[in-house]
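Asker: can you look at this prediction? I've put the sequence above it.
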Amino acid sequence: MNRPQDCIFCAIIAGQAPAERVYEDEATLAFLDIHPQGPGHTLVVPERHAALIYDLDDETAAHLAQALVRVARGIRAALAPEGLSVRQANGRAAGQDVMHVHFHLIPRGAAAAPAGRAAEERAVLARRIRAAIEASR
């Protein structure tokens, strides 16, 4: 598998960088964003490195879509947000900062949750989301 040395998401997937993981299957990983735009802001990434959405094979894309829905449902069950933004960008011109395909799931109006900016808050949020995802299986 071709993984760039400087890809932080590849390092997280390999367990070489810390992250609050909320979901993982054979093809995808979901973890809390270290710079959240709101409580429960989660990134969903393919485990196989692909810089842009155009680089995904159909099987990986299908797994990624299923994971997005599972994690979104877990966020809804855990945090009861008023809404959920799903954001994805391709290329620097579109605002992509990390060149590894990733989707942002950003709960909106989840006032009962910790902000998620401190490590302890992220740990609490991750446990709640993981538990909700597990309960729905």
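Answerer: Alright, I've got the coordinates. Remember, it's a predicted structure, so these values are computed and weren't measured experimentally.
Asker: what about Ile13, neighbour count?
Answerer: Neighbour count of Ile13, defined by other C-beta atoms under 10 Å: 24. Yep, even glycine has a C-beta here, placed from its N, CA and C like the rest.
Asker: ok, now how distant is it from Leu84?
Answerer: 24 Å (C-beta to C-beta, to the nearest Å).
Asker: and what of Ala119?
Answerer: Per C-beta to C-beta, Ala119 is found 24 Å from Leu84.
Asker: between these two, which is the more surrounded one?
Answerer: Applying other C-beta under 10 Å to Ala119 and Leu84 shows that Leu84 carries more neighbours, namely 19 against 11.
Asker: surely the more buried one and Phe103 touch.
Answerer: No: the criterion here is C-beta atoms under 8 Å, and Leu84 misses it with Phe103 at 11.4 Å.
Asker: in what helix or strand does the residue positioned nearest the centre of the chain lie?
Answerer: Closest to where the C-alpha atoms of the chain average out (C-alpha atoms, centre = their mean) is Leu43, at 1.8 Å. Assigned by DSSP states H and E, Leu43 belongs to strand 42-46.
Asker: and the pLDDT for Val98?
Answerer: Val98 is assigned a pLDDT of 96 by the prediction.
Asker: I meant to write Tyr54 there.
Answerer: pLDDT recorded at Tyr54 is 97.
Asker: what about it, neighbour count?
Answerer: A total of 9 residues lie near Tyr54 under the criterion other C-beta under 10 Å.
Asker: quick one: it is in a helix?
Answerer: Yes: the assignment for Tyr54 by DSSP: H, G, I helix; E, B strand; the rest coil puts it in a helix.
Asker: what's near enough to touch it?
Answerer: Contacts for Tyr54 (C-beta atoms under 8 Å, 6 or more residues apart in numbering) come out as Asn90.
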